[in-house]
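Enquirer: My questions concern the predicted model and sequence given below.
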Amino acid sequence: MKSKNYSDNIIKVFKKNGFVLSEPDVLLDSDYIIERSGENFRKIMLTFEDDTGKSMCLRPDLTVASCIKYLKDNSKANSKIYYSGQAYRRSKSLKKVINYQLGLEIFGSKNKSTDDLKVLKTITSSINKIKIKNISIKVGDVSLFKQLIESLKMPERWRMRLKRHFWRPKYFEDLLNRLETNSDVDPATVELDKKKFYEMKNIDQNKEVASRKVSEIISRFDRKIKDPRSFKENKKIVKIIKDFLKINCSLDKLDKTLNNFIDKNQLSRSVFKDLSSLKNLSRLNSKITFSTNFGRDIEYYSGVVFEIYSSSNKEIARGGRYDGLLKNLGSDKNISAVGAAINLNNLKI
């Protein structure tokens with residue numbers, strides 16, 4: 001009964017803030033989810049085969065399910081929706097397989113910084129409505145990492161690697177080690193590539209070898225030759241990345257902290273292009289901590305991410321911006337999207 005009262009009061013706040021009920025499908029195509037939303041779902045999905053042998057799953061994530069419904073409905077206008085339901089995930093404890101959630105999403109709006117604040121403000125207002133006090137909020141912004149990587153001088157292949165695997169902390173650490181030590185560079189192979197490169201420069205550039213022009217092959221060799229990094233520069237780049245990922249401060253000190261980081265590492269003042277969404281969040285009358293190392297566990301996040309905790313440090317809600325997810329799920333272009341969900345399981349205790 002207490003849980004129902006929580007739900008009713010939370011939904012009242014959602015409706016008051018202009019969100020409309022949406023009911024995403026419970027059963028989803030599991031291969032479609034993995035292919036388009038990321039491998040991180042594979043290990044948590046509850047899957048089975050239907051009568052045709054097709055692999056299906058119970059929805060592991062209500063944000064993904066809501067995005068799929070949004071695309072199915074051919075929604076073209078801005079959309080502010082909320083949902084109430086269950087997500088189903090593998091767990092060592094049967095009691096934790098079913099996750100009861102109340103969440104909301106904003107799709108297709110161009111007012112990103114305003115929407116980020118709107119979502120977080122609606123969630124915190126809902127939590128206040130059910131008399132949970134002394135909450136704390138932790139925020140991050142995964143786009144800042146991508147902006148930093150773009151500003152550092154390194155081969156494009158390494159930029160892509162680091163950005164692609166940022167959400168996999170253990171593998172990411174291995175990549176940093178390889179970048180720092182050049183442990184993945186074989187000197188003999190590099191010398192052989194250089195020899196082939198200079199030999200092919202003397203061949204007719206329009207001649208085809210294995211269905212490719214010599215000029216295309218030379219271009220590839222040129223990139224490979226440049227990829228063995230300067231050891232000194234590598235160490236500097238890795239140190240900058242590690243220093244960045246150590247940043248942890250109160251949100252009101254974000255500007256000063258980032259400027260100190262920029263000065264210390266002799267970076268351009270224009271590295272971090274837009275902090276408006278984060279600065280907007282400081283308008284909330286709550287304790288907010290910022291961390292650059294936060295929000296890396298879900299692959300589809302693209303901007304601001306946040307979690308809300310009770311006074312006993314139990315996670316109450318989480319959310320963030322994910323502007324690329326709808327395109328991954330089938331849209332012909334990126335669609336602005338931000339959302340959050342309250343974990344009702346943790347409110348029962």
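Expert: Thanks, I have the structure now.
Enquirer: can I assume residue 100 sits in a strand?
Expert: Yes - when DSSP: H, G, I helix; E, B strand; the rest coil is applied, residue 100 is found to be in a strand.
Enquirer: and it, what are its bridge partners?
Expert: Residue 100 has the following beta-bridge partners by DSSP bridges: residue 86.
Enquirer: Do a quick rundown of the strands in the chain.
Expert: With strands called from DSSP state E, the chain shows them at 20-21, 27-29, 46-49, 55-58, 79-88, 98-107, 136-141, 208-209, 212-213, 248-250, 287-291, 304-309, 315-321, 337-343.
Enquirer: Worst mean pLDDT among those?
Expert: Of all the strands of the chain, the minimum mean pLDDT falls on strand 208-209 (a mean of 72).
Enquirer: Tell me the neighbouring strands of that one, and mark each as parallel or antiparallel.
Expert: strand 212-213 (antiparallel).
Enquirer: Off-centre distance for the strand it pairs with?
Expert: In terms of C-alpha atoms, centre = their mean, to the nearest Å, the centre of strand 212-213 is found 38 Å from the chain centre.
Enquirer: Just give me the neighbour total for the nearest residue to residue 242 once chain neighbours are set aside.
Expert: Sequence neighbours aside, residue 176 is the residue nearest to residue 242 in space, at 7.1 Å (criterion: C-beta to C-beta, 6 or more residues apart in numbering). Backbone N, C-alpha and C define where each C-beta goes, glycine included. Burial of residue 176 is recorded as 18 neighbouring residues (other C-beta atoms under 10 Å).
Enquirer: what sits against residue 176?
Expert: 162, 238, 241, 242 (C-beta atoms under 8 Å, 6 or more residues apart in numbering).
Enquirer: before we move on, what about residue 62?
Expert: 24, 83, 85, 87, 101, 103, 341.
Enquirer: and if you look at residue 55?
Expert: Residue 55 neighbours (C-beta under 8 Å, 6+ apart): 29, 30, 31, 47, 48, 49.
Enquirer: Output these as JSON lines; include the columns neighbour count and distance to residue 282.
Expert: What follows is the contacts of residue 55, written out as JSON lines (neighbours: other C-beta atoms under 10 Å; distance: C-beta to C-beta, whole Å):
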{"residue": "29", "neighbour count": "16", "distance to residue 282": "41"}
{"residue": "30", "neighbour count": "21", "distance to residue 282": "40"}
{"residue": "31", "neighbour count": "13", "distance to residue 282": "42"}
{"residue": "47", "neighbour count": "16", "distance to residue 282": "42"}
{"residue": "48", "neighbour count": "11", "distance to residue 282": "46"}
{"residue": "49", "neighbour count": "10", "distance to residue 282": "50"}
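Enquirer: Dump the residues you listed to CSV, plus distance to residue 141.
Expert: Shown next, in CSV, are these (distance: C-beta to C-beta, whole Å):
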residue, distance to residue 141
29, 32
30, 31
31, 32
47, 33
48, 38
49, 40
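Enquirer: most neighbours, which of the contacts of residue 62?
Expert: residue 103 (27 neighbours).
Enquirer: Is the residue lying closest to it once chain neighbours are set aside bridged to anything, and to what?
Expert: Closest residue in space to residue 103, ignoring its immediate chain neighbours: residue 341 at 3.2 Å, by C-beta to C-beta, 6+ apart. Bridge pairing for residue 341 (DSSP bridges) gives the partners residue 103, residue 318.
Enquirer: and the closest residue to residue 330 other than its chain neighbours, what is it in contact with?
Expert: Take residue 330 and drop its neighbours on the chain: the residue closest to it by C-beta to C-beta, 6+ apart is residue 71, 5.4 Å away. The contact partners of residue 71, taken as C-beta under 8 Å, 6+ apart, are 326, 329, 330, 331.
Enquirer: Narrow those residues to those in helices?
Expert: residue 326 (DSSP state H).
Enquirer: looking at the contacts of residue 71, which has the most residues close by?
Expert: For these, the largest neighbour count, defined by other C-beta under 10 Å, is 24 neighbours, found at residue 326.
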